[in-house]
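# got a sequence here, can you model it:
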Amino acid sequence: MTTRIDTRFAELKKQGRAAFVTYVMAGDPDPTTSLEIVKALPKAGSDVIELGIPFTDPMADGPSIQAAGLRALKVGMTLKKTLDLVRGFRKVDNVTPLVLMGYYNPIYIYGVDKFLADAKSSGVDGLIIVDLPPEEDDELCIPALKAGLNFIRLATPTTDDKRLPAVLTNTSGFVYYVSIAGITGAAAADANVVGQAVARIKRHTGLPICVGFGIRTPEAARAIAEKADGSVVGTALVDALKNSLDAEGRATAKTVNAVAELTAALAQGVKAAKQAAE
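Prediction:
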């Protein structure tokens, strides 16, 4: 099985640079604007898109992404509409990898078999499901792999060498290393500490290692990209979106550009890491 994710990381390896992975919430601040934002991300330099599934109890997310999920839910965003958004994106982009990130409850309610079939047909390439540990692989991970989707697992600063093999079993596409102990956007990532952690994980797997949580600036994205195979930015983009909204939380003429402009600046940071490494 070769997915768009596998193809993209192989291309980037040939280019000698890290990936820039962007996270936005599906349906934030409304489905139409959200689709336009997702369409704008690759043009601005995003190599891989993570699309959040709105959920009422996002245990790993900080206040910014929690608020983004609530904005999306308020305008009626659902898992079905999230898949519709992916279909809309695939009408204009059949190359950029797209990963759904969220929690198991909405998928369980939707129905695992129906979800996997609909996700695959809509153009989803992989899943990051935060609250399903390796011990629950039979619930979704194994069926997702059989359906042709990557299943990307999180490793954290507390995932020691004894636990890593279990985390990496059945993981595909890439490994998402959480750079801080805590929720999204809670602290800044330390590139030197991240570098040591990435080196340790690489002793256990040949998969690309992308690092997220705590990366907000082009400088930070560059520093992480010099230590890992990818920098992941979410909260900073969600905050840029929020700051463009009107007083009632609705999109303005500035909203799509606010996200695209920050994406472009962050992408330049990641690309500069390539130059530093050459």
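
# contacts only, for residue 117.
Going by Cβ atoms under 8 Å, 6 or more residues apart in numbering, residue 117 touches residue 147. Where C-beta positions appear, they are placed from N, C-alpha and C, glycine not excepted.

# 7 Å - rerun?
Residue 117 makes no contacts at all, as judged by Cβ atoms under 7 Å, 6 or more residues apart in numbering.

# check residue 49 too.
If you count contacts by Cβ under 7 Å, 6+ apart, residue 49 has them with 22, 38, 41, 96, 98.

# kindly reformat the residues you listed as JSON lines and extend each row with neighbour count, pLDDT and distance to residue 76.
As requested, the contacts of residue 49 are exported to JSON lines (neighbours: other Cβ atoms under 10 Å; pLDDT from 0 to 100; distance: Cβ to Cβ, whole Å):
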{"residue": "22", "neighbour count": "27", "pLDDT": "98", "distance to residue 76": "24"}
{"residue": "38", "neighbour count": "25", "pLDDT": "98", "distance to residue 76": "18"}
{"residue": "41", "neighbour count": "27", "pLDDT": "98", "distance to residue 76": "23"}
{"residue": "96", "neighbour count": "21", "pLDDT": "98", "distance to residue 76": "26"}
{"residue": "98", "neighbour count": "24", "pLDDT": "98", "distance to residue 76": "22"}
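
# out of those, who's nearest residue 50?
Comparing the contacts of residue 49 against residue 50 with Cβ to Cβ picks out residue 22 as the nearest, at 6.8 Å.

# confirm the closest one sits in a helix?
No - checked against DSSP: H, G, I helix; E, B strand; the rest coil, residue 22 lies outside a helix; its state is strand.

# which SSE is the closest residue to it other than its chain neighbours in?
Take residue 22 and drop its neighbours on the chain: the residue closest to it by Cβ to Cβ, 6 or more residues apart in numbering is residue 46, 4.2 Å away. In this assignment (DSSP states H and E), residue 46 forms part of neither any helix nor any strand.

# ends of stretch 227-235, what's the gap?
Distance between the boundary residues of stretch 227-235 (Cα to Cα, to the nearest Å) amounts to 21 Å.

# looking at the contacts of residue 49, spot the one nearest residue 268.
Using Cβ to Cβ, these come closest to residue 268 at residue 22, 13.5 Å.

# hey, what's the closest one bridged with?
residue 49, residue 233 (DSSP bridges).

# alpha carbons of stretch 10-29, as CSV, please.
What follows is stretch 10-29 as a C-alpha-only set of coordinates in CSV (Å, rounded to 0.1, in the frame of the first residue of the first chain):
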residue,chain,number,x,y,z
ALA,A,10,9.6,10.1,-0.5
GLU,A,11,9.6,13.2,-2.6
LEU,A,12,10.7,15.4,0.2
LYS,A,13,13.5,13.0,1.1
LYS,A,14,14.8,13.3,-2.4
GLN,A,15,14.7,17.1,-2.1
GLY,A,16,16.5,16.9,1.2
ARG,A,17,14.1,18.9,3.2
ALA,A,18,11.6,18.4,6.0
ALA,A,19,7.8,18.5,5.6
PHE,A,20,5.6,21.4,6.7
VAL,A,21,2.4,19.9,8.2
THR,A,22,-0.5,22.2,8.9
TYR,A,23,-3.5,21.7,11.1
VAL,A,24,-6.8,23.4,10.8
MET,A,25,-10.3,22.5,12.2
ALA,A,26,-12.9,21.3,9.7
GLY,A,27,-15.8,23.7,9.6
ASP,A,28,-14.1,26.6,11.4
PRO,A,29,-15.5,29.2,11.3
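
# out of the contacts of residue 49, which are inside helices?
38, 41 (DSSP state H).
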